[in-house]
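J.: predicted model follows, preceded by the sequence.
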Amino acid sequence: MLNTLWVDKYRPKSFKDILGQHLIRVQLENLVKSKNLPNLFLSGPPGTGKSSTAEVIARELYREAWEGNFIKLNASDVFEGGKKYLATTEPFSHFHDESKGLLDNFKHMINRIAGISPLGSEFRILFINDADALMVDAQQALRRIIERYNHTCKFVFATRRPSKVIVPIRSRCLNIPFRKLESNVVFDYLKKISGLEGFQASDELVSAVIHLSNGDLRRALTIFQLVQKNENDANDLSVVYKLSKIIHEPALQSLLELSLNDEPLEAIKMLDKLLVNNGLNGQEIVEQLRRSARSFGLNHDSVAKILQILGKVDFNLTNCLNERIQLEALVFGLTMIICRS
């Protein structure tokens, strides 16, 4: 049983703890020292330190009072959980009005939070994570709220899909782009963690974890901790693959086979399973299909066509086009490979 998650135990507490984002660290340290923090827009791949950095900014600015001046809101929770989430989650339940709809509740809540006087400071921080999940109407409302409360509340947005956030919000923030962590940086970090935990991890094991986490430090730490808890052999590489998301390979293979066998509707059902039940996102599906394409026993011509389709879908997802449309286009694109051959 995992008593304390390593992603929480080793969460950065200061700027020096932030991993692999040197230029960002220096830039933000200077802003905090100046006490003149602008609204911030943190963008980049998952597991690169966006949420941790927002929290570190609050810790450095407010010291012991940081929790009272830092409010975190996951936009995906609000707009997927709806009014029930707002009604049952602190501190948002204090502002919830059952007679109003979700959007009106959201606007009312943000206005109230942004207008509350900060504790011993000129401004508080409202951190909106997964900002790409905000409805367009909610984003339009936020634009006006940012202007109204600029002196008493600083907004920090984080997203892995920046183009899903309207330009008027992005233009009111300092853009801070996070980069995918380099493998050697993650390798040294995991080796350090293994030493702190009394866990002698082999270089092969650490490399396997890095390969499967694909630059996502949060996922790397999660896999690493689960492997460390393996009672039989913590350095057994097969355990790494079983505990990583590669465990979904049978479902991914079914998705590919159904598509190539001209059964797009069944393939879309499998796609729904991967997205909803297995918790994968579009880019993870594309990446794992890319890694596995050569292992499905297809000829070189078919593999080349599959990789071309995956490359196009990956490009579109990176540029924040509608994920669902792109994944369904992927299924029908794979179907066309057989139809044209």
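T.: Noted; the coordinates are in hand.

J.: can you show me the helices along the stretch 151-300 of the chain?
T.: Using DSSP state H, counting those that start in this stretch, the helices found in the stretch 151-300 of the chain span residues 167-170, 183-196, 203-213, 217-228, 237-243, 249-260, 264-272, 282-292, 300-318.

J.: which stretch in the ones you listed is the model least sure about?
T.: Sorting the helices of the stretch 151-300 of the chain by mean pLDDT places helix 237-243 lowest, at a mean of 62.

J.: among the helices of the stretch 151-300 of the chain, which is the most enclosed?
T.: Stretch with highest mean neighbour count among the helices of the stretch 151-300 of the chain: helix 217-228 (a mean of 22; mean count of other CB atoms under 10 Å). Glycine gets a C-beta too; all of them are placed from N, C-alpha and C.

J.: re earlier: looking at the helices of the stretch 151-300 of the chain, which is nearest to residue 48?
T.: Nearest of those to residue 48, taken as CB to CB: helix 217-228 at 7.0 Å.

J.: just how off-centre is the closest one within its chain?
T.: Distance, stretch centre to chain centre, for helix 217-228: 16 Å (CA atoms, centre = their mean, to the nearest Å).

J.: of all the helices of the stretch 151-300 of the chain, which one comes closest to residue 47?
T.: Proximity to residue 47 (CB to CB) singles out helix 217-228 among the helices of the stretch 151-300 of the chain, at 4.1 Å.

J.: which helices and strands sit right next to the closest one?
T.: helix 6-9, helix 183-196, helix 203-213, helix 237-243 (3 or more CB pairs under 8 Å, 6 or more residues apart in numbering; DSSP states H and E).

J.: give me the neighbour count for residue 155.
T.: Number of residues near residue 155 (other CB atoms under 10 Å) recorded here: 23.

J.: likewise residue 11?
T.: Residues within reach of residue 11, counting by other CB under 10 Å, total 16.

J.: same check on residue 87?
T.: Neighbour count of residue 87, defined by other CB under 10 Å: 14.

J.: residue 77 versus that one, what's the distance?
T.: 13 Å (CB to CB, to the nearest Å).

J.: many thanks, have a good one.
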